[in-house]
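> okay, sequence plus prediction incoming.
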Amino acid sequence: MSSRVKPSYLVIAEVLRPHGVRGEVRVRLLTDYPERLRPGKRLYLGTSAEQSNAEPWTLARARLQENYGILQFEAITNRSEVEHWRGKYLMVPLDDAVPLEEDEFYAYQLIGLTLLTESGRVVGEINSIMETGANDVLVVKSTEYGEILVPDIPGMWIELDFDAGFATARLPDGLLPPP
C-alpha cells in the first residue's frame, strides 16, 4: 500500500485453500470480529484492499476451526469453483467496518506515517505491516538504518497524529544503535 492511501476495503481473511469437495474454503482470519461472519454477509474477493473491482460473494455458512475459518458461499457447489481463490483476500467495504473506540485505529492508518522515538528522533517511514502469530511487526524504511522491523507491542504508542503524518513510539531497548 502506498503512503497515506485510504483503501476501498478492509481485509478480514486470507483464503488459504479449498476445504473438502463442496466448495468451502479455509481462511486465515485477519479480523478481531469473526462473529460478524454469518450467513447473508456480503464479502468481497480480491488481491488488494485498494482495488475498486473486488468480486462480491454472499456467505452461506461459516464456522471456526482452531484459529481458522471454514466458509461456504452461495452458488458455490464444488472445489474447482474456489481453487483459484488461493492467496486472495476476503474484504468488507471500509464503510461497513466495525466502528472503532476512541483509542483504536486501523492498521492501514499507520502506513506512510513517520515513526519517531520518545526523544523525537526520526526512525523512518512505516512502509508496511507484517502479521505474525504473536504481534504485528512494522516494516520501517529508514535512510539512516535501512529496513527496520519494529514489533507492535502493548504500550509502545505514545502519540499517533494521522493528520500531521507522524507516530511517536516507545521502541524496545537495543532496536536502534545509540545516537
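Done, it's in.
> how is this structure carved up into domains?
Taking automatic domain parsing as the reference, the chain has its domains at 9-96, 107-169.
> just how off-centre is the first one within its chain?
Just to be clear, that refers to domain 9-96. 14 Å (Cα atoms, centre = their mean, to the nearest Å).
> what do you get for stretch 126-142?
In terms of Cα atoms, centre = their mean, the centre of stretch 126-142 is found 10 Å from the chain centre.
> quick one: the domains of the chain as CSV, columns for mean pLDDT and distance to Leu175 too.
From N, CA and C alone the C-beta is placed, and that goes for glycine too. Formatted as CSV, the domains of the chain follow (pLDDT from 0 to 100; distance: least, Cβ to Cβ, whole Å):
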stretch, mean pLDDT, distance to Leu175
domain 9-96, 93, 26
domain 107-169, 91, 7
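> redo those domains as TSV? Include mean neighbour count.
Below are the domains of the chain laid out as TSV (neighbours: other Cβ atoms under 10 Å):
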stretch	mean neighbour count
domain 9-96	16
domain 107-169	15
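> would a markdown table of the ones you listed with distance to Pro178 be doable?
Output for these, formatted as a markdown table (distance: least, Cβ to Cβ, whole Å):
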| stretch | distance to Pro178 |
| --- | --- |
| domain 9-96 | 37 |
| domain 107-169 | 11 |
